[in-house]
Structure formats: C-alpha cells, structure tokens
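Undergrad: Everything below, folded, please.
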Amino acid sequence: MPELVKANFWICDSNVFKSLTSVKLLRLTFPDYKAPYHCGTIFSQQLVCLEFCGRCYNWWNLLVNVLQHSPRLQILTLEDCYSENVWGDREFWIQPSCAPECLYHLKTFEWIMYQGSPIQKASYILKNARRLVTATVSLDPKMVSEQAFEELEYETRGSRACELTLCSTEE
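TA: Predicted coordinates:
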C-alpha cells in the first residue's frame, strides 16, 4: 500500500506492518492478548503521528519497537494502555538503555487513561522528549495514587518549553 497515508488497525499479527510503508498517521490497537514483540523497520521515514492503544500485557515492548523505527514521529498518543496493576507480574519493564530517536523530535505527547503506578513509563517519555511542547496525561484516580500524581507533576522534563497538563479521568 505505497500511497496509504492514514491507517487504523485492530491487530495481533505483525505481518500486516509490512503493508504500511508510507503511512503517516497510524492508530494501532492490540487486543487483550500478547502482542507481537517485533514489527520491523517499516516506518523508517514516514510515520509522523501515532495513536497507540495497548490492551495486552506486553504493550510497552511493542511500543518501544515502533518508536525505535519511527524517527520522524512528532505526535504520540497512548490510550488505555494496561499497567502492571492490571496484569500483575506478567509485565516486567526494563528501561531501554538508549531512548528511541523519535523522542528527541517529539512535539506532542498525550496519555489517555494512564494507569501506571509507579510512574516510570510516563516519566521516561517526559525525560527523553527534548523538543516536547505539550504533554497531557489523564490519570485514572482508581489506579494512580495522589502521590504518584504529584511525582509526575514535578518530574524532570527533557524540554524546558514543555507545558504539562495533568487531569483526572473523573473530571
């Protein structure tokens, strides 16, 4: 699909990624089971906007893989990504030793329904996004403590120009 610009996939098979070489706007949703770990290098020069919905226990590994192969990404939206609180011991996150290149160019970051406690993953993105202009994180108060909310608010950011907005999903 060399002329495809926008795509929306509810997917569990990584073979479909091979068809997305020209996509610039992509929404990926992974169902309630294990997502493919590796998607290959198909987004290398095209993907600018990614909406990622990880409804599987290893969603973070797949997201990092997509980010590593999306150097031009400028807009990242994470939605309803399940946390360790939901999946228990099945998801163990190891912070990547090197941040994906796209984080250095990311301008807009939004995390809808953030359920993470501790706040490591959101903090990781905020710390490594050097050109981030706006960041919005809507927290699920049933899953995130008030202390974690405050920690995220005062977390070091990679961009001094970044305007961080934190809100509760109950608002």
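
Undergrad: which residues in this structure form strands?
TA: 6-10, 25-30, 49-54, 75-79, 108-114, 134-139, 163-168 (DSSP state E).

Undergrad: can you list those in a markdown table and add mean neighbour count and distance to T156?
TA: The C-beta positions use only the backbone N, C-alpha and C, and glycine is treated the same way. Formatted as a markdown table, the strands of the chain follow (neighbours: other CB atoms under 10 Å; distance: least, CB to CB, whole Å):
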| stretch | mean neighbour count | distance to T156 |
| --- | --- | --- |
| strand 6-10 | 13 | 34 |
| strand 25-30 | 20 | 29 |
| strand 49-54 | 20 | 24 |
| strand 75-79 | 19 | 19 |
| strand 108-114 | 20 | 15 |
| strand 134-139 | 20 | 13 |
| strand 163-168 | 13 | 11 |
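
Undergrad: Check the closest residue to L47 other than its chain neighbours and give its pLDDT.
TA: Distance criterion CB to CB, 6 or more residues apart in numbering; nearest residue to L47, sequence neighbours excluded, is S70 at 4.4 Å. At S70, the model reports a pLDDT of 87.

Undergrad: same thing with A129?
TA: Per the predicted model, pLDDT is 94 at A129.

Undergrad: now do Y114
TA: For Y114, the predicted pLDDT is 75.

Undergrad: wait, it sits on T136?
TA: No. Checked against CB atoms under 8 Å, the pair Y114 and T136 is beyond contact range at 10.0 Å.

Undergrad: circling back to that earlier point, let me have the strands of the chain in JSON lines, extended by distance to F149.
TA: Putting those into JSON lines (distance: least, CB to CB, whole Å) gives the following:
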{"stretch": "strand 6-10", "distance to F149": "31"}
{"stretch": "strand 25-30", "distance to F149": "26"}
{"stretch": "strand 49-54", "distance to F149": "21"}
{"stretch": "strand 75-79", "distance to F149": "17"}
{"stretch": "strand 108-114", "distance to F149": "10"}
{"stretch": "strand 134-139", "distance to F149": "6"}
{"stretch": "strand 163-168", "distance to F149": "6"}
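
Undergrad: Among these, which one carries the weakest average confidence?
TA: strand 6-10 (a mean of 63).

Undergrad: thinking again about what came up before, of all the strands of the chain, which one is nearest N128?
TA: Nearest to N128 among those is strand 108-114 (10.5 Å), distances taken as CB to CB.

Undergrad: Direction included, what does that closest one pair against?
TA: strand 75-79 (parallel), strand 134-139 (parallel) (DSSP bridges).
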